[in-house]
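>>> my questions are about this predicted structure, shown below with the sequence.
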Amino acid sequence: MSDGYDRVAIVTGADSGIGKATAVALAEQGFDVGITYHEDRDGAEETAELVRGLGRAPAVRRHDLTDPERASAVVDELAEELGGLGVLVNNAGTGSHEPLLDMGFDRWRQVLAVDLDGPFLCAQRAARRMVATGRGGRIVNVTSVHEEYPKVGSGPYCAAKGGLRMLSRVLALELAEHGITVNTVAPGEIATPMTGQEDMPPQPGSRPGNPVPRPGDAREVAAVVTFLAGPAASYVTGTTVFVDGGMTMMGPQGVSALSSGEWRKL
């Protein structure tokens, strides 16, 4: 596969957490970076300043994926402003915390719009541009360990992340001939605002049920995303990289350590 793709990346949801860390890591690797946000414009502008401080050009757009068709137009806007597009990182997402039997259809659809429809439409726009240039590119979709493992109270989130995993694999098959790779990165618990930890440093020993007994750091996820976005990953496509401190290996061993049925409750 070609590694001559544009040194321009778009990272959705780059106002904090994994998206912010990824935007900075890509700038360190020589990419100009398009940054999207939903509500936290100040956070997005802070990310832009970090990118600018590394000598790369940032561009910022608001991106409301509850209206995914309109929101996906941001991909073309950012590509035009930055002069190309070689990498798309679909990182923006939302979650849910409600039993499926209590959930209204509107809430179900809202989560799927943000976590599945939006990444599809953004990837479609990005891939069309990459195919048209003939220079290839990289698409990295940030999913979750819940692309494979279920969680009580997170039905639409799990369904969307599982769907995004399979969407990524189909895209990988369809786009390989154009020099475009498509992969997913599946984080476990990462110390970010989305997990209520406000980008705090992970505390060693604070997660005894995890083989690596702490939450992850957003920069640890960003390092994997950046590898998959780079030339060295030209022969890696259609795969998932779990960044979870070994969480998903626990399976039967973890079950045997449970002494109550509290896991059934939200």
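On my side now, so go ahead. Numbering: from 1, shown residues only.

>>> now do the helices in this structure.
Taking DSSP state H, the helices of the chain run over residues 17-28, 41-53, 68-71, 73-82, 105-112, 118-133, 155-175, 218-229, 251-256.

>>> for Pro208, which of these is the nearest?
Closest to Pro208 of the helices of the chain, according to C-beta to C-beta: helix 251-256, at 11.1 Å. Any C-beta I mention is one placed from the backbone N, CA and C, and that applies to glycine too.

>>> dump that closest one to PDB, restricted to CA.
Extracted in PDB, the C-alpha atoms of helix 251-256 (Å, rounded to 0.1, in the frame of the first residue of the first chain):
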ATOM      1  CA  GLY A 251     -13.500 -13.800  31.400                       C
ATOM      2  CA  PRO A 252     -14.000 -16.900  33.500                       C
ATOM      3  CA  GLN A 253     -11.300 -15.900  36.000                       C
ATOM      4  CA  GLY A 254     -13.100 -12.600  36.700                       C
ATOM      5  CA  VAL A 255     -16.500 -14.400  37.100                       C
ATOM      6  CA  SER A 256     -15.000 -16.700  39.600                       C
END
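
>>> what's the burial count for Arg128?
Neighbour count for Arg128, taken as other C-beta atoms under 10 Å: 12.

>>> sorry, that was for Ala126
Ala126 has 26 neighbours, counted by other C-beta under 10 Å.

>>> which ones are touching it?
Contacts of Ala126 were listed using C-beta atoms under 8 Å, 6 or more residues apart in numbering, and they are Ile10, Val75, Ala79, Leu85, Leu88, Gly137, Ile139.

>>> same check, this time on Arg165
Counting by C-beta under 8 Å, 6+ apart, Arg165 touches Asn141, Thr143, Glu147, Glu148, Thr184, Ala186, Thr240.

>>> got it, and Glu98?
Contacts of Glu98 (C-beta under 8 Å, 6+ apart): Arg107, Gly153, Leu266.

>>> now do Ala92
Thr12, Gly13, Gly19, Thr36, His38, His63, Leu65, Val114, Gly118.

>>> could you report the pLDDT at the nearest residue to Val131 once chain neighbours are set aside?
Once flanking residues are discounted, Val131 sits nearest to His178: 4.9 Å by C-beta to C-beta, 6 or more residues apart in numbering. Note for His178: predicted pLDDT of 98.

>>> for the stretch 1-150 of the chain, which residues score under the pLDDT cut-off?
For the stretch 1-150 of the chain, the stretches with pLDDT under 70 are 1-2.

>>> at 80 what do you get?
1-3 (pLDDT under 80).

>>> give the ChimeraX command for selecting the buried subset of the contacts of Ala92.
Here is the ChimeraX selection string for the buried members of those, based on 16 or more other C-beta atoms under 10 Å:
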select :12,13,19,36,38,63,65,114,118
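
>>> residues of stretch 93-102 that come out buried?
Buried-residue list, stretch 93-102, by 16+ other C-beta under 10 Å: Gly93, Thr94, Gly95, Ser96, Glu98.

>>> ok, of these, which one's closest to Ala159?
For the buried residues of stretch 93-102, the nearest to Ala159 is Ser96 (9.9 Å; C-beta to C-beta).

>>> and for stretch 220-237, what's in contact with it?
Here stretch 220-237 makes contact (C-beta under 8 Å, 6+ apart) with 1-3, 9, 18, 21-22, 24-26, 29, 31, 87, 89, 91, 138, 140, 142, 172, 176, 181-183, 185, 187, 190, 241, 243.

>>> quick one: average pLDDT of it?
pLDDT averaged over stretch 220-237 gives 97.

>>> what's the first-to-last distance across it?
Distance between the two ends of stretch 220-237: 20 Å, counting by C-alpha to C-alpha, to the nearest Å.
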